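Undergrad: sequence? don't have it. structure:
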């Protein structure tokens, strides 16, 4: 993961997400609904729901919205049905782009994703064309401001918790785990008293694609258009933007 600072990406997009907070909540509500519908409303026995609730808290989603989505999922009746579909494509300089969607209309979503690529300097690829360039990892960020813990101490905490890698900057400790170990590492660090600024399962590129400023702008446009789509849950790229 060296050279890939996910925290910089998170900070860069926070303002944009704040500006469209209602849409972010709507997307997370879908994920909560699906997780609760398939695994039940109790996060202690439903790991998928626990992960989405972590995501909701990070986004400062009101508890009323969260409970509404859970109640909707557990109310008798057929309710809504969503499909999880992953699209793969390319941006400028061949940068890999993964698009995770949750949709109740596959044709609409497929068309919108294709247009987002084609009209903004990218191209949609076949299934499997770029997915192999990413690894599924757990990601945890701990902000260093006000934290009296040096890098050696943090590394010991991470290793004892079962973490795989620690990347330290002046601003933040970034921790990566195997996907299967993520929940255990997260819980162990919280039990030790650390406040987690971010905790999620994510897709980490194996190799970072270097872009010119113009190419970065083109890729950012593709990502912005995709993220603005109601059906798109997450967008991952092999570049630092």
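TA: Now that the structure is in, tell me what you want to look at. Bear in mind the structure is a predicted one, so any value in this text is a computation, not a measurement.

Undergrad: what is the longest strand anywhere in the chain packed up against?
TA: For the chain, the longest strand by residue count, based on DSSP state E, is strand 134-143. With contacts taken as 3 or more CB pairs under 8 Å, 6 or more residues apart in numbering; DSSP states H and E, strand 134-143 sits against helix 6-19, strand 172-178, helix 182-191, strand 198-205. C-betas here are computed from N, CA, C, even on glycine.

Undergrad: please repeat the previous calculation with a cut-off of 6 Å.
TA: strand 172-178, strand 198-205 (3 or more CB pairs under 6 Å, 6 or more residues apart in numbering; DSSP states H and E).

Undergrad: quick test: name the residue nearest the centre of the chain.
TA: residue 202 (5.1 Å; CA atoms, centre = their mean).

Undergrad: mind listing what that one touches?
TA: Contact analysis of residue 202 by CB atoms under 6 Å, 6 or more residues apart in numbering lists residue 139.

Undergrad: for it, list each beta-bridge partner.
TA: Residue 202 forms beta bridges with residue 137, as assigned by DSSP bridges.

Undergrad: and the pLDDT at it?
TA: pLDDT for residue 202: 93.

Undergrad: swap in residue 79?
TA: In this model, residue 79 carries a pLDDT of 67.

Undergrad: the residue lying closest to residue 142 once chain neighbours are set aside pairs with what?
TA: In space, and not counting its chain neighbours, residue 142 is closest to residue 173: 4.5 Å by CB to CB, 6 or more residues apart in numbering. Beta bridges link residue 173 to residue 142, residue 168 when assigned by DSSP bridges.

Undergrad: residue 173 touches residue 152, doesn't it?
TA: No. Between residue 173 and residue 152 there is no contact under CB atoms under 6 Å: 11.8 Å.

Undergrad: helices and strands of this protein: which one bottoms out on pLDDT?
TA: helix 6-19 (a mean of 64; mean pLDDT, DSSP states H and E).

Undergrad: past that helix, which element shows up next along the chain?
TA: Per DSSP states H and E, the first helix or strand lying C-terminal to helix 6-19 is helix 21-39.

Undergrad: off-centre distance for that next one?
TA: 13 Å (CA atoms, centre = their mean, to the nearest Å).

Undergrad: the more surrounded of residue 173 and residue 152?
TA: For residue 173 versus residue 152, neighbours defined as other CB atoms under 10 Å are more numerous around residue 173 (24 against 8).

Undergrad: A helix includes residue 42, no?
TA: No. Assessed with DSSP: H, G, I helix; E, B strand; the rest coil, residue 42 is coil; it does not lie in a helix.

Undergrad: so what's it closest to, chain neighbours aside?
TA: Closest residue to residue 42 apart from its sequence neighbours, by CB to CB, 6+ apart: residue 49 at 7.7 Å.

Undergrad: just to be sure, that neighbour is in a strand?
TA: No. Counting by three-state DSSP, residue 49 is not part of a strand but helix.

Undergrad: in contact with it, which residues?
TA: 35-36, 39, 43.

Undergrad: likewise residue 121?
TA: 92, 218.

Undergrad: for the record, mean pLDDT for stretch 213-225?
TA: pLDDT averaged over stretch 213-225 gives 95.

Undergrad: just the buried residues of that stretch, please?
TA: 215-216, 218-223, 225 (16 or more other CB atoms under 10 Å).

Undergrad: and if you look at stretch 67-75?
TA: So stretch 67-75, judged by 16+ other CB under 10 Å, has buried residues 69-70, 72-73.
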